[in-house]
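1. got a sequence here, can you build the structure:
(one chain, ligands or ions: 1)
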Amino acid sequence: MNKDGTKISFLLNKIDIDKLPKHVAIIMDGNGRWAKKRLLPRTAGHREGVERVKEIVEATGNLGIPYLTLYAFSTENWGRPKEEIDTLMKLLVEYLKKELNTLHMNNVRINILGNLDKLPALPREEVKNAIEKTKNNDKMNLNIALNYGGRNEIIDGIKSLISDVRVGDVILDEIDEELFRNYLFTKDQPDPDLLIRPSGEKRVSNFLLYQIAYTEFVFSDVYWPEFTTEELYKSLIEYQSRKRRFGGI
Ligand code: FPP
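-> Predicted structure coming up:
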């Protein structure tokens, strides 16, 4: 076995399979800086980032982690240059076109967190097709956060809740934390146990604000295009070293 193979099985052996997180969320950051370091256009970083998407989806699925959420495009990302936005949308379409059959055969359900209305027609249709095709799959949920913003999600949830109260579907006194979950994109899903952010930044950036109340954060210094299976294993080992108390003692 080569050096990397030895290291990866050494790390895998350190993971307690019975204490894996059920839900891992990742802020895929650092594509631009990865490219800049190599004197490449930012879009080359996004392209390499898609390779890590494929790798990490597979590695997470192989471990049997049932929920993976990837932050692919935030509501704030519309402020980037048009060329970069177009490339990101193109990469998403390419990813779905190439990977959908494999994901479906592996019993992966694709969900989108975010409002699809603002997406250009092609990615919107591709995404809708992926959701429809995989809707009955139940081994793993791949959530792609797309045109997603945490504050927006909460505000839209509040608006729907108010309209349900108005028509009498919900009584004001019934509203609690559990009921409100039904108004979020992650309805019926467990909260993330682990949030990973590569690239050295230590921010939440409007990601899953309601859902991360008791989530463990792991920050990695490598850029997303360098975030290999090995880095995932290291993050899981760090997560398993934490004591989660959920506000208790
Ligand atoms: C952050 O890096 C990354 C993004 C805004 C896009 C992430 C998207 C992909 C990896 C590809 C498409 C996704 C799928 C699911 C196929 P950055 O550009 O902010 O990097 P920087 O902080 O170094 O500039």
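
2. dump the helix or strand residue 141 falls within to CSV, restricted to CA.
-> Assigning secondary structure by DSSP states H and E places residue 141 in strand 140-148. In CSV, the C-alpha atoms belonging to strand 140-148 read as follows (Å, rounded to 0.1, in the frame of the first residue of the first chain):
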residue,chain,number,x,y,z
MET,A,140,-28.5,9.1,2.4
ASN,A,141,-29.8,12.7,2.1
LEU,A,142,-27.6,15.1,0.1
ASN,A,143,-28.7,18.6,0.9
ILE,A,144,-27.3,21.2,-1.5
ALA,A,145,-27.8,24.7,-0.1
LEU,A,146,-28.4,26.8,-3.2
ASN,A,147,-29.5,30.5,-3.2
TYR,A,148,-29.6,29.8,0.6
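
3. pairing partners for it, with directions?
-> strand 67-74 (parallel), strand 108-113 (parallel) (DSSP bridges).

4. in TSV: those, plus mean pLDDT.
-> Below are these laid out as TSV (pLDDT from 0 to 100):
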stretch	mean pLDDT
strand 67-74	98
strand 108-113	98
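
5. of those, which is nearest residue 191?
-> strand 67-74 (9.5 Å; C-beta to C-beta). Bear in mind the C-beta positions are built from the backbone N, C-alpha and C, glycine included.

6. and the strands in the chain?
-> 23-27, 67-74, 108-113, 140-148, 194-197, 216-219 (DSSP state E).

7. could you dump those strands into TSV with mean neighbour count added?
-> Converted to TSV, the strands of the chain look like this (neighbours: other C-beta atoms under 10 Å):
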stretch	mean neighbour count
strand 23-27	26
strand 67-74	23
strand 108-113	22
strand 140-148	23
strand 194-197	24
strand 216-219	18
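
8. ok, which of those strands comes nearest residue 175?
-> For residue 175, the closest of the strands of the chain is strand 108-113, at 22.2 Å, according to C-beta to C-beta.

9. can the closest one be said to contact the ligand?
-> No. Strand 108-113 is not in contact with the ligand by C-beta under 6 Å from any ligand atom; minimum separation 9.9 Å.

10. run the angle between that strand and strand 23-27 for me.
-> 50 degrees (axes from the mean of the first three to the mean of the last three C-alpha atoms, to 10 degrees).

11. what's next to strand 108-113, contact-wise?
-> 57, 61, 69, 100, 103, 127, 130-131, 134-146, 148, 153, 185-186 (C-beta atoms under 8 Å, 6 or more residues apart in numbering).

12. would TSV of the strands of the chain with distance to residue 160 be doable?
-> Converted to TSV, the strands of the chain look like this (distance: least, C-beta to C-beta, whole Å):
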stretch	distance to residue 160
strand 23-27	23
strand 67-74	21
strand 108-113	15
strand 140-148	17
strand 194-197	25
strand 216-219	29
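
13. of these, which is nearest residue 171?
-> Closest approach to residue 171 among those (C-beta to C-beta): strand 108-113, 28.0 Å.

14. the closest residue to residue 37 other than its chain neighbours: how many residues sit nearby?
-> Sequence neighbours aside, residue 223 is the residue nearest to residue 37 in space, at 7.9 Å (criterion: C-beta to C-beta, 6 or more residues apart in numbering). Burial of residue 223 is recorded as 24 neighbouring residues (other C-beta atoms under 10 Å).

15. if anything else comes up later, I'll come back, but that's it for now.
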